[in-house]
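In: have a look at this fold, sequence not included:
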């Protein structure tokens, strides 16, 4: 939390300090776009230039697509990408996957069945870049987590075009990344200046859920007959503890205050550390919340984590950094979610999902509306029963789960980029 001027006086041995400062600025609601852009410029100014590789030409009729990332295992990115890897048109594309992690599991094995898979975790950045170059990749999909120190792979420019997809919801800064996949609800004119990449809009949402793959590895969701158990309404929070700010805690406290029969379930693996639980309860105590009605627990087993949605009537989405995969989990388990729309990408995931589902009554635009909407839904037992019975079905029948529509739109961008390259 040093002032920016003070940080400029520090001896910067590498750019890591400023990368983390940039990451924090980009996600915090109270930081201006001007500050974010200033840090972007400083990182680039203090980054050593890397000479681009001389690329080899792909002379085949197929487009060579490469994916590089850290999370091709039982991780939200790995599960989402399973569907895309499985459904790529293999008659038109050769698909390569470069894994930057020693972790492999059943999701990894499923991915291997559908792509040319290479675990390159132990190679140097230059060796990985040369591997991509030698595979004659036309378009490389960047899925490297920004805070992992492997971004220099991309700065060798090992493919003609690089597209950022499903990483952190911020710009990768570096000019080597040409595009970023997004959708019209996530990416706004107001925050466009924060991104160095040109947006490529996915018409049917940012993620593809393949119902057949997901049910194998997540769980068979079934909303148990415990809604209104003992006449209680159960609100839930499953997003990361790091995403809670004081305004969100205030809103949740007000909801509990106005709903005497409400109980709050908070489930996240970060509560394995008791200090996190203690600190969170202190925040609720500050707003004079009845702590006996707050049930906090950590869940490390993924299947048990997904099952917790069966015990939640309404999910509450944090403000400063909304849920993403937790929203998808909530919807597929027929648990309605209340979301507050912000200006930044990370504050608009719930908005995007609900707009694609055409469920606008759960979308709010200020804190008071958020509180009122949660209370109104909790008191409307018929509406809650409708969502508990139908929400999962609505999701599975929506464009968000339409594999054919999504893949046609997704691959269309690759054809356009390839044709653009031919013309140039």
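Out: Done, it's in. Since the structure is predicted, the reported quantities are computational estimates derived from the model, not experimental observations.
In: stretch 182-201 spans what distance, first to last residue?
Out: 5 Å (CA to CA, to the nearest Å).
In: model confidence over that stretch, on average?
Out: Average pLDDT, stretch 182-201: 88.
In: could you do stretch 42-51 as well?
Out: Average pLDDT, stretch 42-51: 80.
In: max-length helix in this structure?
Out: If you go by DSSP state H, the chain has its longest helix at helix 403-423.
In: could you count how many residues lie near residue 297?
Out: Look at residue 297: counted by other CB atoms under 10 Å, it has 14 neighbours. The C-beta positions use only the backbone N, C-alpha and C, and glycine is treated the same way.
In: swap in residue 105?
Out: Neighbours of residue 105 under the rule other CB under 10 Å: 13.
In: ok, the one 4 residues further on next?
Out: Using other CB under 10 Å, the number of residues around residue 109 comes to 11.
In: avg pLDDT for the longest helix of the chain?
Out: 89.
In: mind listing what's buried along the helix or strand containing residue 79?
Out: Using DSSP states H and E, residue 79 maps to helix 76-87. For helix 76-87, the neighbour count (16 or more other CB atoms under 10 Å) marks 77, 78, 79, 80, 81, 82, 83, 84, 85, 86, 87 as buried.
In: how big is the angle separating the helix or strand following that helix from helix 403-423?
Out: Sequence-wise, the next helix or strand downstream of helix 76-87 (DSSP H and E) is strand 93-99. Using axes from the mean of the first three to the mean of the last three CA atoms, to 10 degrees, the direction of strand 93-99 lies 100 degrees away from that of helix 403-423.
In: mind listing residues that contact strand 93-99?
Out: 60, 62-70, 72, 85, 88, 108, 111, 114-121, 128, 131-132, 135, 137, 411, 414 (CB atoms under 8 Å, 6 or more residues apart in numbering).
In: what about 7 Å?
Out: By CB atoms under 7 Å, 6 or more residues apart in numbering, the surrounding residues in contact with strand 93-99 are 62-68, 72, 85, 88, 111, 115-121, 128, 132, 135, 137.
In: cool, and stretch 255-275?
Out: With CB under 7 Å, 6+ apart as the contact definition, stretch 255-275 has outside contacts at 231-238, 240-241, 252, 276-277, 289-290, 293-300, 305, 308, 311-312, 371, 374-375, 378.
In: of the residues you listed, select the buried ones using a ChimeraX command.
Out: Buried residues among the contacts of stretch 255-275 (16+ other CB under 10 Å), as a ChimeraX selection:
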select :232,233,234,235,236,237,238,241,252,276,277,289,293,294,296,298,299,305,308,311,312,371,374,375,378
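In: of the contacts of stretch 255-275, which belong to helices?
Out: Per DSSP H, the contacts of stretch 255-275 map to helices at 252, 276, 277, 305, 371, 374, 375, 378.
In: what about the strands in this protein?
Out: Taking DSSP state E to define them, one finds strands in the chain at 63-69, 93-99, 116-119, 139-143, 161-164, 179-182, 198-201, 233-237, 262-267, 294-297, 314-316, 337-340, 363-364.
In: so which of the ones you listed comes closest to residue 405?
Out: Closest of those to residue 405 is strand 198-201, at 14.1 Å (criterion: CB to CB).
In: any buried residues in that closest one, and which?
Out: Applying 16+ other CB under 10 Å to strand 198-201 flags residue 200 as buried.
In: which residues are in contact with the residue most central in space within the chain?
Out: The residue lying closest to the centre of the chain (CA atoms, centre = their mean) is residue 324, at 4.8 Å. Listed by CB under 7 Å, 6+ apart, the contact set of residue 324 reads residue 349.
In: tell me the contacts of the closest residue to residue 40 other than its chain neighbours?
Out: With sequence-adjacent residues excluded and distances taken as CB to CB, 6 or more residues apart in numbering, residue 40 is closest to residue 173, at 5.2 Å. Residue 173 makes contacts with 40, 43, 44, 196, as judged by CB under 7 Å, 6+ apart.
In: one more pass at 6 Å, please.
Out: Contacts here follow CB atoms under 6 Å, 6 or more residues apart in numbering; on that basis residue 173 touches 40, 43, 196.
In: and what of residue 153?
Out: Contact analysis of residue 153 by CB under 6 Å, 6+ apart lists 125, 128, 129.
In: just the ones in helices from those, please.
Out: If you go by DSSP H, these have 125, 128, 129 in helices.
In: about what we covered before: of all the strands of the chain, which lies closest to residue 383?
Out: The closest of the strands of the chain to residue 383 is strand 314-316. By CB to CB, the value is 10.6 Å.
In: that closest one packs against which elements?
Out: On a contact count with 3 or more CB pairs under 6 Å, 6 or more residues apart in numbering; DSSP states H and E, strand 314-316 meets strand 233-237.
In: ok, which pair from the buried residues of helix 76-87 is furthest apart?
Out: Farthest-apart pair in the buried residues of helix 76-87 is 77 and 87; separation 16.4 Å (CB to CB).
In: reformat the buried residues of helix 76-87 as CSV; add distance to residue 54.
Out: Converted to CSV, those look like this (distance: CB to CB, whole Å):
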residue, distance to residue 54
77, 31
78, 33
79, 37
80, 34
81, 30
82, 34
83, 35
84, 30
85, 29
86, 34
87, 33
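In: burial count for residue 288?
Out: Residue 288 has 9 neighbours, counted by other CB under 10 Å.
In: got it, and the one 3 residues further on?
Out: Counted with other CB under 10 Å, residues neighbouring residue 291 total 12.
In: same check on residue 71?
Out: Using other CB under 10 Å, the number of residues around residue 71 comes to 23.
In: please tell me how far it sits from residue 202.
Out: Computed as CB to CB, to the nearest Å, the residue 71 to residue 202 distance reads 19 Å.
In: separation between the residue nearest to residue 241 when sequence neighbours are not counted and residue 78?
Out: Leaving aside its chain neighbours, residue 241 sits nearest to residue 270 (4.3 Å; criterion: CB to CB, 6+ apart). Distance of residue 270 to residue 78, computed by CB to CB: 20 Å.
In: do you know the pLDDT at residue 13?
Out: 43.
In: ok, residue 330 next?
Out: At residue 330, pLDDT is 89.
In: tell me the bridge partners for the nearest residue to it once chain neighbours are set aside.
Out: Nearest non-adjacent residue to residue 330, counting by CB to CB, 6+ apart: residue 315, 4.5 Å away. Beta-bridge pairing for residue 315 (DSSP bridges): residue 236, residue 337.
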